[in-house]
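Asks: structure for the following, please:
(3 chains)
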Amino acid sequence: MSENLALDKLSGQQSAAIDYMDSPILVLAGAGCGKTQLITHKFAHLYNKNREKYGSMLAVTLTNKAAGEMRDRIAFAIDDDPQSNLKGAWVGTFYSQCNRILLKEKASIGITTDYVIYDSEDQCRLIRHILNDMKLYEALYKGVAGKISYFKSSLLTPEELLSTYNNFDFDEKLLKVYVRYQDEMKRMNALDYDDLIAYTLRLFEENPDVLDSYRQMFSYILVDEFQDTTYAQYQFLKLLARDNILVAGDDDQTLYKSRDFETENILTKFEKDFANTKLLRLEQSFRCTQNILTVSDSVISKNSHRKHKILWSDKIAGEKVCHYWFMAEEDEAKYIAKNIKDLYLKGNYSYSDIAILYRVNLQSRVIEEALKNERIPFKVIGSSTLYHKRQMKDLISYLRLIWNRDDNVSLRWVINQPNKAITANTLNKIENEAKKEGISLYKAIVKLCAGKGFSASIKEKLGTFLTLIDMLSAKKEVTLSEAIKLVGSHTSYIESLDENSLNDISEIMYRSGNMALGEFLSTVSLTTTNDDTRCMNCVSLMTLYNVKGMEFPVVFISGLEDGLIPYFKATETTEDLDEERRLFYLGMTRAKDILFMTGARKRRLYAKFQDQEPSRFLKDIPKDCCLWIEKNAIPANAATRTPPPPPVEFPYNTGCRVKHPKWGIGVIRDCYGEQNDIKVTVNFPNVGVKRLALKYANLEKI
DNA sequence: CTTCTCTGACTTTTT
DNA sequence: GTCAGAGAAG
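Replies: Below you'll find the model as predicted:
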């Protein structure tokens, strides 16, 4: 029922992609053309048609958020009780599904199922430790981590690198760090994100029967955001899929691809690797107006190596896209705030319909200031909402040690906590012993305590620590709540917490207290930050990266200046510039109705003021497609300008209740206008928001 | 061991 | 301008 209702709304191309089952399908979809809708409907359609056969399909994307949305939409479109049946479905991120496979198969490839999953932070900590130990410049850890991750996601082992790069002056030190990193991870029974994919691939390659069972089980495979899949993820799909695969993507929305080694467009590659691929295009945008499409297309069409698409819309042409140029960033921010207030007061848009986008987080400050001045509620999305806070990391480290005593990164974290009274010297001895014997820190401590190297007092301290860990890890099968209580009753950890952290912990216990410890730990590693979506009636502020996959009726893109868009560090190569252009394109195509682009001549970046030029990308927009408005800081007649009118006395305050002869009782949202022509916006619960001139609307104060 | 001051780095970011 | 991390001083 629900499916048929929704199917009516699908375009011809979408329905075609849903019905077609004869060969692999590559869906080339533009922004807002209903690619996710297609995927969820195909899933639901097959599922509804033949539960026996299509009860266990695989549907993957890249982010948790997208996966969650996918799951919800499928649940909505399937015929029966959405709660019960989707549990067995393989819907999620590549990483979570690989994790699930590894656990299900009891991972017979040199790892045991009590492996811990390292997130990027853990990864960085390990790399820093290695760099430090190898007497290399530690501050490089971020770059090193990035490179290693890149190698791994491209399935380049150290051995392969050695043979491939022989003739280049390949960084030998980097290679050594890579080897060492892999070695340490192995010893700790720890997997990073890339390992989840790589180990699954190995599992499949070494156990053809296991692979075969999954090929049987996944009767159909659906992939969203296909353009962003890594090489390893792509191999995963290639192993599992035959004709029974649909991938959907938009190469114009790829991000983080600028440093990709792979030059070939992955969409092209798919067509080559999968025989008889059926190519379908979704070019009707259900989101943007024609004006927005025209402008954004003029920008993105300057990119090379893209699959050409022409998006169209049968929505009205809509408002013209506007570009404003200001003298200073404060003017820009003020203008944005004022404009938002106007839009809101006109009553057509609520604050949550509006987004302000920028390239770098630090741009948000000025804008936040301006919004505060206008009393506009807003929410900054992304940036500092670190779910992995310091204290939380402490707790998780303890929990991980319960789970896996060989987790050195967590052990280092815990043992270095204050009042453990274990000196750097002792720690060094432990590290050396572990290194010498090729064992984990935990095992090294056990060994050293049995030997003669340490004094009685040190042994005692370490002994207490060991007994604690032993006692805790004897209870691996507990639930999260029990584990936390255990840690609490045997360490001073809980006592050291402030109120906020305590709240955070009770929140976690409330949310997932009944989860098995192991399950909780992988969930924590596999889900990061963003459960904070849009808030009730707030303007959303975020970076262009963060806006991926969202849409808003009104979008402001700020800081359209050379140096910001494109960012000054990304103007060297064409690949970098292409990515910056895609980023700009991505931002523009988030807008459903109205798109504002703004920039300013004077901007403070870090400590210094800079003179900015308008973004070079603006030159790609035909002059008549857009309204170009330049605001001068000081109008020529500034000196002779009449002083601002005295503040107007308003008869009503916001929030006060009034009665209208026709619409009944409402609440004043705002008062504005001249003394003799005061206008008000009133929210009538039954009628909606109305703008009224006080002179004519016979309002009655109540 | 703790606290303070200095230095310097500084896009974006998912899993 | 701001934050973190390292090193020096208490």
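Asks: so, low pLDDT: which residues of the stretch 101-250 of chain A?
Replies: A:165-170 (pLDDT under 70).
Asks: break down it into its helices, ranges please.
Replies: A:120-133, A:141-153, A:158-164, A:172-188, A:193-206, A:208-217, A:231-240 (DSSP state H, counting those that start in this stretch).
Asks: quick check: buried residues in the fifth one?
Replies: If you call a residue buried by 16 or more other CB atoms under 10 Å, then helix A:193-206 has these buried ones: A:193, A:194, A:195, A:196, A:197, A:198, A:199, A:200, A:201, A:202, A:203, A:204. Bear in mind the C-beta positions are built from the backbone N, C-alpha and C, glycine included.
Asks: what residues does chain A put near DNA strand B?
Replies: Contact residues, chain A versus DNA strand B (CB under 7 Å from any atom of the strand): A:62-65, A:93, A:95-96, A:119-120, A:139, A:142, A:193, A:256, A:359-362, A:382-383, A:418-419, A:421, A:423, A:526-530, A:542-543, A:545-546, A:567, A:569-570, A:576, A:606-607.
Asks: inside helices: which ones of those?
Replies: Using DSSP state H, the members of the residues of chain A next to DNA strand B that fall in helices are A:64, A:65, A:95, A:96, A:120, A:142, A:193, A:526, A:576.
Asks: hmm, which two among those are most spread apart?
Replies: Farthest-apart pair in these is A:96 and A:576; separation 31.2 Å (CB to CB).
Asks: of the two, who's got more company?
Replies: Shown here are residue A:96 and residue A:576; by other CB atoms under 10 Å, residue A:96 has more neighbours (19 against 16).
Asks: just the pLDDT for the spatially closest residue to that one that is not a sequence neighbour.
Replies: Distances taken as CB to CB, 6 or more residues apart in numbering put residue A:526 closest to residue A:96, at 5.3 Å, once the chain neighbours are dropped. With respect to pLDDT, residue A:526 scores 89.
Asks: now residue A:526: how far from DNA strand C?
Replies: 23 Å (CB to the nearest atom of the strand, to the nearest Å).
Asks: so that residue sits against residue A:98, correct?
Replies: No - counting by CB atoms under 8 Å, residue A:526 does not reach residue A:98; the two are 10.0 Å apart.
Asks: ok, these two, which is more surrounded?
Replies: The neighbour count for residue A:526 versus residue A:98, taken as other CB under 10 Å, is higher for residue A:98 (25 against 17).
Asks: can you pull the contacts of that one?
Replies: Contact analysis of residue A:98 by CB atoms under 8 Å, 6 or more residues apart in numbering lists A:196, A:197, A:199, A:200, A:236.
Asks: show me the contacts for the second one.
Replies: Applying CB under 8 Å, 6+ apart, one finds that residue A:197 lies in contact with A:94, A:95, A:98, A:153, A:230, A:232, A:233, A:236.
Asks: can you tell me the helix or strand for residue A:400?
Replies: helix A:390-403 (DSSP states H and E).
Asks: sorry, back to before: buried subset of the residues of chain A next to DNA strand B?
Replies: Here, 16+ other CB under 10 Å leaves A:62-65, A:93, A:95-96, A:119, A:193, A:359, A:382, A:526-527, A:542-543, A:546, A:567, A:570, A:576 buried among the residues of chain A next to DNA strand B.
Asks: just the C-alpha atoms of stretch A:32-45, please, in CSV.
Replies: Extracted as CSV, the C-alpha positions of stretch A:32-45 are listed here (Å, rounded to 0.1, in the frame of the first residue of the first chain):
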residue,chain,number,x,y,z
GLY,A,32,18.3,16.1,-5.7
CYS,A,33,17.2,13.7,-8.4
GLY,A,34,16.0,11.0,-6.1
LYS,A,35,18.8,8.6,-6.0
THR,A,36,18.3,7.5,-2.4
GLN,A,37,14.6,7.3,-3.1
LEU,A,38,15.3,5.0,-6.0
ILE,A,39,17.5,2.7,-3.9
THR,A,40,15.1,2.4,-1.0
HIS,A,41,12.2,1.8,-3.3
LYS,A,42,14.0,-0.9,-5.2
PHE,A,43,14.9,-2.6,-2.0
ALA,A,44,11.3,-2.4,-0.7
HIS,A,45,9.9,-3.4,-4.1
